[in-house]
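[1] please find the sequence and the predicted model below.
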Amino acid sequence: ERLTGAGFTFSSPYHYDGMAYAGDETFVKCAEENKRFDECSSLLICVARGSSTHDVMKSSFRPTFFLAAPPSLKTMTEMLFNDTCNVVASDRSVLLDIDESGYYGKFVVGCYYHTQQ
């Protein structure tokens, strides 16, 4: 800045495009449909502890169907790929980053979006 001689500081842009589910295709469908029986009885969703997505999980699923993980994409991705959980819930743009991270397993990003607007 010309008067103070200091530079400008800008925050990083963040694009929120709604909450979605990613992981095993069967269980992603279960989560999107809030189905918890038959083939969905072993649904376990990883979600970042303390996030707005965590709040959605608490209001949509019994605690036995989701696991509050440390708020780290790396940790939640590891939990998904080592079968600690079979679905991850997060911002869709974050989930697309997992999809592009080089994991070539049975992995889909769901089509259903939950928004808070």
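    Structure's in. What do you need? Residues are numbered from 1 along each chain as shown.
[2] what residues are up against L44?
    Applying Cβ atoms under 8 Å, 6 or more residues apart in numbering to L44 gives the contacts F65, F66, L67, T84, C85, N86, V87. No exception for glycine: its C-beta is placed from N, CA and C like everyone else's.
[3] mind listing the strands for this protein?
    19-23, 45-48, 66-69, 87-91, 108-109 (DSSP state E).
[4] what packs against the helix or strand of the chain with the lowest mean pLDDT?
    Confidence across the helices and strands of the chain bottoms out at helix 92-99, with a mean of 77, counting by mean pLDDT, DSSP states H and E. Taking 3 or more Cβ pairs under 8 Å, 6 or more residues apart in numbering; DSSP states H and E as contact, the helices and strands that helix 92-99 lies on are strand 19-23, helix 73-81, strand 108-109.
[5] alpha carbons of it, as PDB, please.
    Listed in PDB are the C-alpha atoms of helix 92-99, where the atom choice follows Å, rounded to 0.1, in the frame of the first residue of the first chain:
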ATOM      1  CA  ARG A  92     -18.300 -31.500  -2.600                       C
ATOM      2  CA  SER A  93     -15.300 -29.500  -3.800                       C
ATOM      3  CA  VAL A  94     -13.200 -31.200  -1.100                       C
ATOM      4  CA  LEU A  95     -14.500 -34.600  -2.100                       C
ATOM      5  CA  LEU A  96     -13.500 -34.000  -5.800                       C
ATOM      6  CA  ASP A  97     -10.000 -33.400  -4.600                       C
ATOM      7  CA  ILE A  98     -10.000 -36.900  -3.100                       C
ATOM      8  CA  ASP A  99     -11.300 -38.300  -6.400                       C
END
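[6] quick check: closest non-adjacent residue to the residue nearest to the spatial centre of the chain.
    The centroid of the chain falls nearest to S90 when counting by Cα atoms, centre = their mean (2.2 Å). Counting by Cβ to Cβ, 6 or more residues apart in numbering, S90 lies nearest to T53, which is 5.7 Å off, once chain neighbours are set aside.
[7] measure that neighbour to V108 for me?
    When distance is defined by Cβ to Cβ, to the nearest Å, T53 is 18 Å away from V108.
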